[in-house]
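J.: Structure for the following, please:
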Amino acid sequence: MQSFAKPMQIRMLPALAALVAVATSMSAGLANPLQPTSLTLDRNQIERIVREYLLEYPEVIEEAMIGLREKRELEEQERQRAVIAAHTKALQDHPLSPVSGNVDGDIAVVEFFDYQCPYCKRALGPVTELLETDSQVRVVWKEYPILGPDSRFAARAAMAAERQGHYHEFHVALMSESNRLSEERTIEIATDIGLDIDKLREDMEDPAIESYLDETAQLANVLGIRGTPAFVIGDILVPGAVDTERMREVIAQVRAGR
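T.: Residues are numbered from 1 along each chain as shown. Down below sits the predicted model:
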């Protein structure tokens, strides 16, 4: 907060000076409306008055900063809601997006994630708990590999595993891996859960999977998602790893129409 005080004060001075000048002129005129105003203040005097006021009441700067931050947060939320509304189909109903839970559920929880992101691994528990306790939730998985080639390899493998009907099982296994993933380790995990590796490798080369991952990255960029995990619940963007209680709060808001 302190590092922003000085620039904010400089920006505030012209506007405050104008207000002081207007107020001074108005009060002088009201004192005797039949006589011209003789009281005038030059710029230095006005700025001195404002400076002295701010020094005496420095909390004004803090209040202004808080108000500005809240205003910008509200503006960003409205922007995000408009973008989400414009891309609802791509978020919730893309034919290549794997889905867990109730496919006909009343609310979609869309997660953007990377298999090597430690915060995404932390989010697996809350999402799993949500699936187990809310029968009307539909979780849409958005592969968003931003942590290098090994992440993209794992994402392609997971998308290919969907074609064998084992996406969720493979997803959980990858997310549960405590060591850093490599191409070799990803294939080992696929082997451990019984996937057909030859088919997996063949499906991984499908250009449609590469196109889907690129589309997802573009969608994340449009939404303003800069890291993983990130959740889109209804028309609300929830960045970062959150617990089950927070997810339920947002779901309740969306169901109630806020």
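
J.: where are the low-confidence patches of the stretch 151-258 of the chain?
T.: The stretch 151-258 of the chain contains residues with pLDDT under 70 at 258.

J.: now the strands: where do they sit in it?
T.: For the stretch 151-258 of the chain, the strands defined by DSSP state E, counting those that start in this stretch cover 230-233, 236-239.

J.: out of these, which comes closest to residue 116?
T.: Proximity to residue 116, assessed across the strands of the stretch 151-258 of the chain by C-beta to C-beta, is greatest for strand 230-233 (15.5 Å). Where C-beta positions appear, they are placed from N, C-alpha and C, glycine not excepted.

J.: Output the closest one as PDB - backbone C-alpha positions only.
T.: Taking C-alpha atoms only, strand 230-233 is exported to PDB below (Å, rounded to 0.1, in the frame of the first residue of the first chain):
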ATOM      1  CA  ALA A 230      -8.400 -21.900 -12.500                       C
ATOM      2  CA  PHE A 231     -12.100 -22.700 -12.200                       C
ATOM      3  CA  VAL A 232     -15.000 -21.400 -14.100                       C
ATOM      4  CA  ILE A 233     -18.200 -22.100 -12.100                       C
END
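
J.: Paired strands for it, with orientation please.
T.: In the sheet, strand 230-233 lines up against strand 107-113 (antiparallel), strand 236-239 (antiparallel) (DSSP bridges).

J.: Now do the first one: distance to the chain's middle.
T.: Distance of strand 107-113 from the chain centroid (C-alpha atoms, centre = their mean, to the nearest Å) equals 12 Å.

J.: and what of stretch 224-233?
T.: Centroid separation for stretch 224-233 versus its chain: 4 Å, with C-alpha atoms, centre = their mean.

J.: Over to stretch 119-130?
T.: Put simply, stretch 119-130 sits 17 Å off its chain's centre (C-alpha atoms, centre = their mean).

J.: can I get the CA coordinates of that stretch in PDB?
T.: Once non-C-alpha atoms are left out, stretch 119-130 reads as follows in PDB (Å, rounded to 0.1, in the frame of the first residue of the first chain):
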ATOM      1  CA  TYR A 119      -1.500 -26.400  -6.800                       C
ATOM      2  CA  CYS A 120      -3.600 -28.500  -9.300                       C
ATOM      3  CA  LYS A 121      -2.500 -31.600  -7.500                       C
ATOM      4  CA  ARG A 122      -3.700 -30.000  -4.300                       C
ATOM      5  CA  ALA A 123      -7.100 -29.100  -5.900                       C
ATOM      6  CA  LEU A 124      -7.700 -32.800  -6.900                       C
ATOM      7  CA  GLY A 125      -9.000 -33.600  -3.400                       C
ATOM      8  CA  PRO A 126     -11.600 -30.800  -3.200                       C
ATOM      9  CA  VAL A 127     -12.800 -31.500  -6.700                       C
ATOM     10  CA  THR A 128     -13.100 -35.300  -5.900                       C
ATOM     11  CA  GLU A 129     -15.000 -34.500  -2.700                       C
ATOM     12  CA  LEU A 130     -17.300 -32.200  -4.600                       C
END
